[in-house]
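Asker: my questions concern the predicted model and sequence given below.
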Amino acid sequence: MSDLLTKSRARNVFYGGSIFFVAVFAALTVQSHRHITQKATAGMPLTDEVRLGKHVWERHSCINCHTLHGEGAYFAPELGNVMTRWGVADDPQGAYEILDGWMQAQPSGIEGRRQMPHFEITDEEMRALSEFLRWADQTDTQNWPPNDAG
Amino acid sequence: MKYQSQKVAYAYFLVAMALFGIQVAGGLLAGWIYVSPNTLSEILPFNVIRMIHTNALIVWLLLGFFGAAYYLVPEESEREIFSVKLAYLQLAILVIGTLGAVISYLVGIHGGREFLEQPLWVKFGILVAAVIFLANVSLTFLAGRKTAITNILMTGLWLLCLLWVFAFINPDNLSLDKMYWWFVVHLWVEATWELVMAAILGFLMLKLTGVDREVIEKWLYVIVATALFSGILGTGHHFYWIGTPGYWQWIGSVFSTFEVVPFFAMMSFAFVMVWKGRRNHPNKAALLWSLGSSTVAFFGAGVWGFLHTLHGVNFYTHGTQITAAHGHLAFYGAYVALNLAMFTYAMPHLRGRDPYNQVLNMASFWLMTGGMAFMTFTLTFAGTIQTHMQRIVGDYYMDVQDQLGLFYLMRFGSGVAVVLGALLFIYSMLVVRREVVKPGPLAAPGE
């Protein structure tokens, strides 16, 4: 074993093998990029409103309490399928109204209950945020999550 | 300390330990909010506290790596660091950037990609600091003796700095955003950081055990080969449910299963080297942290990672407290404990005295490790119940969370132990002046 596996052989296997795996990974990344733009997220156009909604989502760092497609913090509910859960995945006006109603009511101030902060969001931004969440909801996530509870 | 410029590491380690304190304090506060949710809710919301907790962790680990590089590259290359001034300039940029980030988080200015919330100017500051760092250590490395330890360390550091570029790439398409986000997050902690870890561990083994360099370096290459061969395509285990193609479920499951191998190898490597080694190094605390790091990394990253990495399991556990359990133990074992091992080893040299205050330092190891293990168990139980109630039965998120209160209370208790351990560690590094505990007199035979 120690004759066959010298230090220089081990080094060459490390560098050569790593380059090989990087190449495979790069090729699969290109294919996945195409899959995402052409198939998985093609269910709804990526409009300026959806883009604005993503900025609103980011500016308030929603990800540090909620999960989105299962990624984020685990302090608050999953939002990748929240529009499905609310039954408004295909209803822009209904989505906006229910989201606006929910967020205006925060924080609840109920003792012993996790508190969502109050965010200063304009009407336009609130519509954009609800469109962004609808857009995320239509993504083909290989049928995850297992149920509407998220 | 053989080279004067190694002293730079001292400043890096001091700042790292200060941030370590901030990190665990933030964690404790976040843990308390799980128990008592109204705490500070209107002044300092949970998302900002969590941001400080995770960002402080990442920055102090990186500062520890940079410090470790400035400590070990001169010794391995057998020459002084190219420029001490540049090293301090790099540290100053990072300190200003970190303070700037924390202040802007507190006033509500931040990005919205998890772990990459730093304002753009801070991200550029980090980029500049990374370029200074790479230039400084590379010029030192190229001019001096090249060893496998520095080869691997440099490869890891170069790649992790290059991957930082993806922190600036934020596509409007959420699924693309997520895919490239993992290029920083996964390819840091499950690929390039493992190279840094292996190099530092190799250096510590070389110094602490006295085993022949040829043997150590050969096995280092084997370990890092298994790390990258499994870790690069292992990224696939994050590509199951974010809009990426279905074939990642098989690629991710197979390759991330192999991600256990480098951690098992590092643990075996550390123990075998200690058994083989004939050197009786006085710094027993550094040895304890080195062995502890590789062992806890195997359990936290290896075993707890494998626990939920197969796509059939992950379909149910994804985004539950199972992930939190794994994340805490993996980071603690692989990167926190390894950094603390390096601090423990280097501090006596940097401060110019014998290894000191071993007992307190070792007590802090058991306090922190015990606390982290208990935290992992409580979160694993909480996550198991959550997975069943929410993902299988279909109960709503908050209804399930209301059932998990006892686990969150126990998690807070374990967090207290970790914070006490961290404070004890810092105290033992900086304040205590007494040297090695001397063995008592041998009992005379026949008495």
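Answerer: Perfect, thanks for sending it.

Asker: going forward, measure contacts and count neighbours with C-alpha atoms only.
Answerer: OK.

Asker: isn't residue B:377 right up against residue B:325?
Answerer: Yes: checked against CA atoms under 8 Å, the pair residue B:377 and residue B:325 is within contact range at 7.3 Å.

Asker: in terms of neighbours, single out the busier of these two.
Answerer: A count of neighbours by other CA atoms under 10 Å in any protein chain shown puts residue B:325 above the other of residue B:377 and residue B:325, at 25 against 19.

Asker: and the pLDDT for the more buried one?
Answerer: Residue B:325 is assigned 98 on the pLDDT scale.

Asker: OK, contacts around it?
Answerer: By CA atoms under 8 Å, 6 or more residues apart in numbering or on different chains, the contact set of residue B:325 is B:304, B:375, B:376, B:377, B:379, B:380.

Asker: at 6 Å what do you get?
Answerer: B:376, B:379, B:380 (CA atoms under 6 Å, 6 or more residues apart in numbering or on different chains).

Asker: what do you get for residue A:81?
Answerer: By CA under 6 Å, 6+ apart, the neighbours of residue A:81 are residue A:137.

Asker: can we see that at 7 Å?
Answerer: Residue A:81 makes contact with A:137, A:148, A:150, according to CA atoms under 7 Å, 6 or more residues apart in numbering or on different chains.

Asker: who wins for most neighbours among those?
Answerer: With neighbours taken as other CA under 10 Å, the top of these is residue A:150, carrying 25 neighbours.

Asker: would you agree that one is in contact with residue A:76?
Answerer: No: with contact defined as CA atoms under 7 Å, residue A:150 does not reach residue A:76; the gap is 10.8 Å.

Asker: ok so, going back, quick check, nearest of the contacts of residue A:81 to residue A:37?
Answerer: Residue A:37 lies nearest to residue A:137 out of the contacts of residue A:81, by CA to CA, at 15.0 Å.

Asker: what segments of chain A are helices?
Answerer: Assigned by DSSP state H, the helices in chain A fall at A:7-35, A:48-59, A:82-85, A:92-104, A:123-137.

Asker: so which of those is nearest residue B:369?
Answerer: It's helix A:7-35; of the helices of chain A, that one is closest to residue B:369 (CA to CA) at 32.4 Å.

Asker: how far does that closest one sit from its chain's centre?
Answerer: 27 Å (CA atoms, centre = their mean, to the nearest Å).

Asker: now name the helix or strand holding residue B:155.
Answerer: helix B:148-163 (DSSP states H and E).

Asker: deepest in the core, which of the helices of chain A is it.
Answerer: For the helices of chain A, ranked by mean neighbour count under the definition mean count of other CA atoms under 10 Å in any protein chain shown, the leader is helix A:123-137 at a mean of 23.

Asker: got the contact list for that one?
Answerer: Contacts for helix A:123-137 (CA under 7 Å, 6+ apart): A:44, A:49-50, A:52-54, A:56-57, A:80-81, A:83, A:89, A:92, A:95-96, A:99-100.

Asker: residues near residue 73, how many?
Answerer: By default, I'm working from chain A. Burial of residue A:73 is recorded as 24 neighbouring residues (other CA under 10 Å).

Asker: hmm, no, I was thinking of chain B.
Answerer: Using other CA under 10 Å, residue B:73 is surrounded by 26 other residues.

Asker: and for residue B:173?
Answerer: 17.

Asker: got the phi and psi for it?
Answerer: Note on residue B:173: its backbone torsions stand at phi -70, psi 120 [degrees, to the nearest 10].

Asker: any idea of the pLDDT on it?
Answerer: Note on residue B:173: pLDDT of 98.

Asker: how close does it sit to chain A?
Answerer: 7 Å (CA to the nearest CA, to the nearest Å).

Asker: just give the closest residue to that residue, not the sequence neighbours.
Answerer: Spatial nearest neighbour of residue B:173, excluding adjacent residues (CA to CA, 6 or more residues apart in numbering or on different chains): residue A:46 at 7.3 Å.

Asker: any idea how far residue B:405 is from the residue nearest to residue B:432 when sequence neighbours are not counted?
Answerer: The shortest distance from residue B:432 to any residue other than its chain neighbours is 6.4 Å, reached at residue B:357 (CA to CA, 6+ apart). From residue B:357 across to residue B:405, the span is 39 Å (CA to CA, to the nearest Å).

Asker: burial measure for residue 62, as a count.
Answerer: If you meant another chain, say so; for now it's chain A. Residues lying near residue A:62 (other CA under 10 Å) number 21.

Asker: my bad, the chain I had in mind was chain B
Answerer: As a measure of burial, residue B:62 has 18 neighbours, counting by other CA under 10 Å.

Asker: again with residue B:220
Answerer: Around residue B:220 there are 26 other residues, counting by other CA under 10 Å.

Asker: which strand residues bridge the residue most central in space within chain A?
Answerer: Nearest to the mean C-alpha position of chain A, by CA atoms, centre = their mean, lies residue A:68 at 3.9 Å. Counting by DSSP bridges, residue A:68 forms beta bridges with residue A:71.

Asker: was I right to think it contacts residue A:76?
Answerer: No: using CA under 7 Å as the test, residue A:68 is too far from residue A:76 to be in contact (10.4 Å).

Asker: residue B:357 and residue B:405 - which one has more neighbours?
Answerer: residue B:357 (21 against 15).

Asker: re the thing from before, which of the contacts of residue B:325 fall in strands?
Answerer: With DSSP state E as the criterion, strands contain none of these.

Asker: how many residues are close by whichever residue of the stretch 51-200 of chain B sits closest to chain A?
Answerer: Closest approach between the stretch 51-200 of chain B and chain A, counting by CA to the nearest CA: residue B:112, at 3.5 Å. Using other CA under 10 Å, residue B:112 has 22 neighbouring residues.

Asker: so where's chain A uncertain?
Answerer: A:1-2 (pLDDT under 70).

Asker: go again with 80.
Answerer: Residues of chain A meeting the criterion pLDDT under 80: A:1-3.

Asker: any idea which residue of it lies closest to chain B?
Answerer: For chain A, CA to the nearest CA, closest residue to chain B: residue A:58, 3.5 Å.

Asker: am I right that that residue is in contact with residue B:112?
Answerer: Yes: contact criterion CA under 7 Å: residue A:58 and residue B:112 qualify, at 3.5 Å.

Asker: any regions of chain B where pLDDT drops low?
Answerer: Using pLDDT under 80, chain B drops low at B:353-354, B:356-357, B:432-447.

Asker: show me the contacts for the nearest residue to residue B:396 once chain neighbours are set aside.
Answerer: Excluding the flanking residues, the one nearest residue B:396 by CA to CA, 6+ apart is residue A:149, at 5.1 Å. Residue A:149 is in contact with A:85, B:390, B:394, B:395, B:396, B:397, counting by CA under 7 Å, 6+ apart.

Asker: ok, now which ones touch the residue of chain A closest to chain B?
Answerer: With contact set as CA under 7 Å, 6+ apart, residue A:58 has these partners: B:111, B:112, B:113.

Asker: list phi and psi for the second one.
Answerer: Here is the backbone geometry of residue B:112 (degrees, to the nearest 10): phi -130, psi 20.

Asker: distance of it relative to residue B:267?
Answerer: Noted for residue B:112: a distance of 36 Å to residue B:267, by CA to CA.

Asker: equivalent analysis for the first one, please.
Answerer: Spatial separation of residue B:111 from residue B:267 under the definition CA to CA is 37 Å.

Asker: gap between the closest residue to residue B:163 other than its chain neighbours and residue A:73?
Answerer: Once flanking residues are discounted, residue B:163 sits nearest to residue B:184: 5.6 Å by CA to CA, 6+ apart. According to CA to CA, residue B:184 stands 18 Å off from residue A:73.

Asker: picking that back up, so what's the backbone phi/psi at the residue nearest to residue B:396?
Answerer: phi -60, psi -20.
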